[in-house]
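**Q** Sequence first, predicted model second:
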Amino acid sequence: MTMQNNDQQRLFHDIGVIGFVVVEMTEYLDTHPTDKEAMEYLNHYVRMQNQAMREYAAKYGPLRISDADSCKQNEWKWATQPWPWEGGC
């Protein structure tokens, strides 16, 4: 396994972990909408998620269409790159 594959897998894993936190915090805030500390925690993880998604898109291709502009490539690879579940990681 190459260093790039290791970095790609680590970043993909981190995105999954951060995404889990974001979902859990939004569910918590559904029942505790006035918890300011929880809102700050959510905002922190949303920023982390957005940064990780932009980093992934710049290095390996976008995981969501909204990050396609983060790619440094001059061709449209959204539909041609291998998806993570196809061995893209």
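**A** Received, thanks.

**Q** Check the offset of the helix or strand encompassing residue 12 from the chain's centre.
**A** Under the criterion of DSSP states H and E, residue 12 resides in helix 3-31. The chain centre lies 7 Å from the centre of helix 3-31; the measure is Cα atoms, centre = their mean, to the nearest Å.

**Q** Quick one: list the elements packing against it.
**A** For helix 3-31, the contact count by 3 or more Cβ pairs under 8 Å, 6 or more residues apart in numbering; DSSP states H and E identifies helix 36-60 as packing neighbours. The C-beta positions use only the backbone N, C-alpha and C, and glycine is treated the same way.

**Q** Okay, buried residues for the helix it packs on please.
**A** In terms of neighbour count (16 or more other Cβ atoms under 10 Å), helix 36-60 has its buried residues at 42, 45, 48-49, 52-57, 60.

**Q** between that helix and helix 3-31, how big is the angle?
**A** 150 degrees (axes from the mean of the first three to the mean of the last three Cα atoms, to 10 degrees).
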